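K.L.:
heads up, no residue letters with this:
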């Protein structure tokens, strides 16, 4: 899947916000493939010619096999961007909150009330934490689904032989 396709899905999913663009989201995706690889223990990269996210591996026959992102990996990338976006919004709100000390003014029957940026910051922080928890669950589920046993020992078709329990020779009862 191409970087720009994922970026477009993210951008449209956010409601096409004016403060960002598909190009900015694409840049973020290209810059954070390594972070996704660290989370998922994968080795994806961006092909410089096609701008697709994939990796190539040689199979047992010596042929190159190209692996592309599956829907679960795309969902994790999207969720990573969502967490990043909330972090940016939170940083912006908290930076602006330090300059707004006046919340409400009233004079001569006129009342002006500013939005309390600290409260908005708390709401954004809560939402960001929920999104981070969702990302952690996606990563955990992905790793669980992709995991394979390291070793399979024994023969499940053969009946096990276990030693007989020792005979208690103490007949006195003590």
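P.N.:
Sure, I can see it. Predicted, not measured: the structure shown is a model, and the values here were computed from it.
K.L.:
going by C-alpha atoms from here, please, whenever you check contacts or count neighbours.
P.N.:
Noted.
K.L.:
who's in contact with the worst-scoring helix or strand of the chain on mean pLDDT?
P.N.:
Every helix and strand of the chain was ranked by mean pLDDT, DSSP states H and E. The lowest is strand 104-107, at a mean of 72. Residues external to strand 104-107 that are found in contact with it (C-alpha atoms under 8 Å, 6 or more residues apart in numbering): 111-114.
K.L.:
go on, stretch 35-43?
P.N.:
By C-alpha under 8 Å, 6+ apart, the residues outside stretch 35-43 that reach it are 44, 55, 76-77, 139, 142-143.
K.L.:
closest to residue 89 out of those?
P.N.:
Nearest to residue 89, judged by C-alpha to C-alpha, of the contacts of stretch 35-43 is residue 77 at 18.5 Å.
K.L.:
find the nearest non-adjacent residue to the closest one, please.
P.N.:
residue 36 (6.7 Å; C-alpha to C-alpha, 6 or more residues apart in numbering).
K.L.:
now the one you found, what's its secondary structure?
P.N.:
helix (DSSP: H, G, I helix; E, B strand; the rest coil).
K.L.:
please work out how many residues are found near it.
P.N.:
19 (other C-alpha atoms under 10 Å).
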